[in-house]
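Q: Sharing a model that was predicted from the sequence below.
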Amino acid sequence: MKDYYDIYLIHKFKFNKINKTKFRGAVEKTFEKREFNADLIANLNIVKDSKILSDKWTSYSRKNSYARNLEFDETVKCLEEFIDIIVPVVV
């Protein structure tokens with residue numbers, strides 16, 4: 001759950017300063033090195049719909065005052081915006 005909180009913080013304080021081209025390139029290189037080729041959108045949807053992850057977030061936020069007023073959906077929205085940089089939108 002700490003990773004979701006970290007994603008939220010990076011999004012909140014640095015998202016507008018990220019060079020999106022460099023970010024996409026770095027992620028692509030990391031995925032290639034780790035031989036990761038899963039469908040990010042499908043996996044994001046699994047995360048969004050996961051009752052288990054949502055419940056874990058609730059527990060995490062209760063134990064950690066810095067995350068207490070943050071809903072799991074908010075962290076997922078931040079993750080979604082990062083994924084939007086990586087996955088090109090096809091029109």
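A: Perfect, thanks for sending it.

Q: Tell me, please, where in the protein the pLDDT is lower than the cut-off.
A: Applying pLDDT under 70 to the chain picks out residues 89-91.

Q: can you rerun that using 90?
A: 36-39, 85-91 (pLDDT under 90).

Q: can you map out the strands along it?
A: Here the chain has no strands by DSSP state E.

Q: Tell me who's in contact with the residue nearest the centre of it.
A: Nearest to the mean C-alpha position of the chain, counting by C-alpha atoms, centre = their mean, stands L79 at 2.4 Å. Contact analysis of L79 by C-beta atoms under 8 Å, 6 or more residues apart in numbering lists Y4, I7, L44, V47. The C-beta positions use only the backbone N, C-alpha and C, and glycine is treated the same way.

Q: Would you write a ChimeraX line that selects the buried entries of those residues?
A: In ChimeraX, this line selects whichever of the contacts of L79 come out buried by 16 or more other C-beta atoms under 10 Å:
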select :4,7,44
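
Q: Just name the closest of the contacts of L79 to E32, please.
A: L44 (19.9 Å; C-beta to C-beta).
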